[in-house]
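A.B. asks: structure here, sequence nowhere to be found:
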RNA sequence: GCUUCCAUAGUGUAGUGGUCAAGCAUUUGAGGCCCUCACCCUCAGGACUCGGGUUCGAAUCCCGGUGGAAGCACCA
């Protein structure tokens, strides 16, 4: 067997979609434009895109830009509303992921359809205007499964009320249109679900032209049929929505689209995935825009040097299972490392630097020549002069190299640095510790490398450059890097040895600024 | 409380009655390569939630327990 082939990981394949015919599959992406897409949203995107590509189908991008939170509740910190820049951020993220969509629609352009159809339902007695207070409806009628007084009023009354909802005679919260899914439904979630409600909040695209808005179930119940969607793949949190849609399709006598549900991702650790929170911090200026790693937006992953295919594959590996998944960013990171490593040149960087004076160097000058990439010696090496004066020079090492080095299970691989200890300054020479003060003083010991010596990352003070790296948890690591860093280009993905991969964002004479890719 | 859904190593996933003494990824450990604790290579560790059935035979089917998730919004 070809050794290349032998270790190739098995490509995961998604299950077939029921009733899917090549060339006839129509699916849709339905993002709510309240911010940039993040990894959680990306699962929906990647799954739909993957199926459309497999069946050679058509993918619709439908901005689910209904009004969201009503005007009276718009100041709530958890309020959901459309932000104008999201109309650009979303396609930008899709393009980055390599998603091709064939049509673009906006819910906000289609409100008349939802209004008109709701009117028809009222005329047929399948829906009614309800002016119960929300809490009352829930406690007095929904929970016990009893009809509310509005339900049995005359057709004429409901028709008249519906007109009043549209023309402004009824205020926000004053009335809603309910579908007669039935108050006797076993599942309380399904009892007389709302179709339309009033909001006076201004919409970024259409202003206050419309005040009677549909809820998700109603707009999609209509649009999935009207736009010809054959297969829906969405999160299981939208399960009830699918059930309401089916009820609507049956009412209309429409063929059902097939609905596939996948489980929700749970993020823990330094994941703080919230579009709303991201929006607040971006707008408040606390974050460096939507590309800030702390947003976990697709834009931010791009800015960090995460490869879109790493995200795609990691998400596709999860398949279509509908149970809750504790998402581990290592799945993306490990795939990303494999993609990025070959082209990531190596450089020296020490964070939390400590000064070290080297004495008794028996040379007038010394130039370290570490390889740009140990896996590809042909790429050549950097040249880093030490700057020796009278047999002495100053360098920086990282604080972490002072203490003992343990593996992740706690086994000590190297002891704490101490007087008389001999260590290797990588790509330079061996030194013996003279004094563990500040600065630390060491003496040149020997040139030849001994095999198992502790190798320490060193940056010569001469011509060194300040380095800052922003991590996804918001922490900025600072330190000094080797002078050759100045020759990098913005956008380069490099590896700081023993630190991790970094994408360069800004370069000046004094400082390099980068976003942490992964380690 | 009411409706559902799910249950394979630490985290995910493959597996739909015999070919499973359970495959893969990631994580972890040992070693190799190596002037990185990276990459790459080799090896190793680690799982079918429990209890009953059905069956010649169950990770796979049935029932019950337990555990987890989702919904019960004038959000999406």
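C.D. replies: That came through fine. Small disclaimer: the values here were computed from a predicted structure and weren't measured.

A.B. asks: quick one: strands adjacent to the one helix or strand residue A:504 maps to?
C.D. replies: According to DSSP states H and E, residue A:504 maps onto strand A:500-507. Strand pairing for strand A:500-507, determined by DSSP bridges: strand A:493-496 (antiparallel), strand A:511-518 (antiparallel).

A.B. asks: what residues sit buried inside that strand?
C.D. replies: A:500-505, A:507 (16 or more other CB atoms under 10 Å). For the C-beta atoms, the positions are set from N, CA and C on the backbone; glycine is no exception.

A.B. asks: before we move on, the earlier item: just say which of the strands paired with strand A:500-507 is most tucked in.
C.D. replies: strand A:493-496 (a mean of 24; mean count of other CB atoms under 10 Å).

A.B. asks: contacts for the longest helix along chain A next, please.
C.D. replies: Assignment by DSSP state H gives helix A:39-54 as the longest helix of chain A. For helix A:39-54, contacts defined as CB atoms under 8 Å, 6 or more residues apart in numbering pick out A:14, A:17, A:20, A:25, A:27-29, A:31, A:37, A:57-59, A:93-94, A:97-100, A:231, A:233-235, A:262, A:265, A:267, A:273, A:296, A:298, A:301, A:311-312, A:315-316, A:318, A:320, A:327, A:332.

A.B. asks: buried members of the residues you listed into PyMOL, please.
C.D. replies: Applying 16+ other CB under 10 Å to the contacts of helix A:39-54, the buried members can be selected in PyMOL as follows:
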select buried, chain A and resi 17+20+25+27+28+29+31+37+57+58+59+93+94+97+99+231+233+234+235+262+265+267+273+296+298+301+311+312+315+316+318+327+332
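
A.B. asks: can you give me the helices for the stretch 51-200 of chain A?
C.D. replies: Listed in chain order, the helices of the stretch 51-200 of chain A (DSSP state H, counting those that start in this stretch) span residues A:86-96, A:111-123, A:134-136, A:155-167.

A.B. asks: hmm, I was thinking of the stretch 201-350 of chain A
C.D. replies: A:216-226, A:239-252, A:275-283, A:298-304, A:308-316, A:330-340.

A.B. asks: what residues sit buried inside the longest helix of chain A?
C.D. replies: A:39-52.

A.B. asks: list, out of the residues you listed, those positioned next to RNA strand B.
C.D. replies: For RNA strand B, no contacts are drawn from the buried residues of helix A:39-54 by CB under 7 Å from any atom of the strand.

A.B. asks: any idea how far stretch A:335-345 is from the chain center?
C.D. replies: 20 Å (CA atoms, centre = their mean, to the nearest Å).

A.B. asks: contact partners of it?
C.D. replies: Stretch A:335-345 is touched from outside by A:305-307, A:309-310, A:313-314, A:372-373, A:375-376, A:379, A:492-495, A:501, A:517-518, with contacts defined as CB under 8 Å, 6+ apart.

A.B. asks: pull out the buried residues from that stretch.
C.D. replies: For stretch A:335-345, by 16+ other CB under 10 Å, it's A:335-337, A:339-340, A:344-345.

A.B. asks: what is the nearest of these to residue A:355?
C.D. replies: Comparing the buried residues of stretch A:335-345 against residue A:355 with CB to CB picks out residue A:345 as the nearest, at 26.5 Å.

A.B. asks: not counting its neighbours along the chain, what's nearest that closest one?
C.D. replies: Excluding its sequence neighbours, the residue lying closest to residue A:345 (CB to CB, 6 or more residues apart in numbering) is residue A:372, at 4.5 Å.

A.B. asks: tally up the residues packed near the one you found, please.
C.D. replies: 17 (other CB atoms under 10 Å).

A.B. asks: sort out for me which of the contacts of helix A:39-54 are in strands.
C.D. replies: A:27-29, A:58-59, A:231, A:233-235, A:262, A:265, A:267, A:327 (DSSP state E).

A.B. asks: now residue A:376: closest residue in space, sequence neighbours ignored.
C.D. replies: Per CB to CB, 6+ apart, closest to residue A:376 is residue A:342, 7.5 Å.
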